[in-house]
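Peer 1: What follows is a protein structure lacking sequence information:
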């Protein structure tokens, strides 16, 4: 009867009083809110929602599912309630972001801007890659030293540096690579 407009005010107030006598302050408050025209519909919805959740939590199957789900979350996070660790964990492993720029693309593609994650240096690296009419990589300008910043090393890469590729007989499918340090 509490949901019947205007007529339901009286039963809602009686419910609120009975709940107060029982010491059930939550339901007393919800019944009191339910007595307010229009606003009461929301109060009733919350009250029934809370009762529904309480009944669900008494169900062994639901409880078992929630416990299993919590164990998965706990194992993934490492400590119950430590959400900060979970939010710092990447959605994909580092390897998913560490792919090199494609050596072959759709013919007609002239240039792409490529970003990758270097698992060795733990840095994001950016490159501008140019392709010929056949879609083969002909020049890549990297704005990083890839962790090879020691000028005395034979693997030295300046920041930035450039890789160029020539194609022809005897060079193989990726061509002949030349690195130029600036």
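Peer 2: Everything's here; your move. Owing to the predicted nature of the structure, the values given are computational and were not obtained by experimental measurement.

Peer 1: Which parts of the protein are strands?
Peer 2: 111-118, 123-131, 137-142, 161-166, 176-181 (DSSP state E).

Peer 1: Now do the buried residues in the first one.
Peer 2: So the one you mean is strand 111-118. Neighbour counts over strand 111-118 (16 or more other Cβ atoms under 10 Å) mark 116-117 as buried. All C-beta atoms are positioned from the backbone trio N, CA, C, and that covers glycine.

Peer 1: Determine the set of other helices and strands touching that strand.
Peer 2: helix 94-97, strand 123-131 (3 or more Cβ pairs under 8 Å, 6 or more residues apart in numbering; DSSP states H and E).

Peer 1: Could you do the last one as well?
Peer 2: Where contact means 3+ Cβ pairs under 8 Å, 6+ apart, strand 176-181 is packed against strand 161-166.

Peer 1: now the angle from the strand it packs on to strand 123-131?
Peer 2: When axes from the mean of the first three to the mean of the last three Cα atoms, to 10 degrees is applied, the directions of strand 161-166 and strand 123-131 differ by 30 degrees.

Peer 1: Most tightly packed of the strands of the chain?
Peer 2: strand 137-142 (a mean of 19; mean count of other Cβ atoms under 10 Å).

Peer 1: Tell me the strands beside that strand, with direction?
Peer 2: Sheet pairing of strand 137-142 (DSSP bridges) gives strand 123-131 (antiparallel), strand 161-166 (antiparallel).

Peer 1: In JSON lines: those, plus distance to residue 51.
Peer 2: Shown next, in JSON lines, are these (distance: least, Cβ to Cβ, whole Å):
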{"stretch": "strand 123-131", "distance to residue 51": "51"}
{"stretch": "strand 161-166", "distance to residue 51": "67"}
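
Peer 1: For residue 144, find the nearest of those.
Peer 2: Evaluated with Cβ to Cβ, the strands paired with strand 137-142 place strand 123-131 nearest to residue 144, the distance being 4.2 Å.

Peer 1: now the angle between strand 111-118 and the closest one, please.
Peer 2: Going by the same axes, to 10 degrees, strand 123-131 makes 150 degrees with strand 111-118.

Peer 1: Now do strand 123-131: everything it contacts.
Peer 2: With Cβ atoms under 8 Å, 6 or more residues apart in numbering as the test, strand 123-131 has contacts from 101-102, 105, 109-118, 137-144, 146.

Peer 1: how does it look with 10 Å?
Peer 2: Contacts to strand 123-131, defined as Cβ atoms under 10 Å, 6 or more residues apart in numbering, come from residues 97-98, 100-118, 137-147, 159-160, 162-165.

Peer 1: Reformat the strands of the chain as TSV; add mean pLDDT and distance to residue 52.
Peer 2: Formatted as TSV, the strands of the chain follow (pLDDT from 0 to 100; distance: least, Cβ to Cβ, whole Å):
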stretch	mean pLDDT	distance to residue 52
strand 111-118	91	46
strand 123-131	93	47
strand 137-142	96	58
strand 161-166	96	63
strand 176-181	94	66
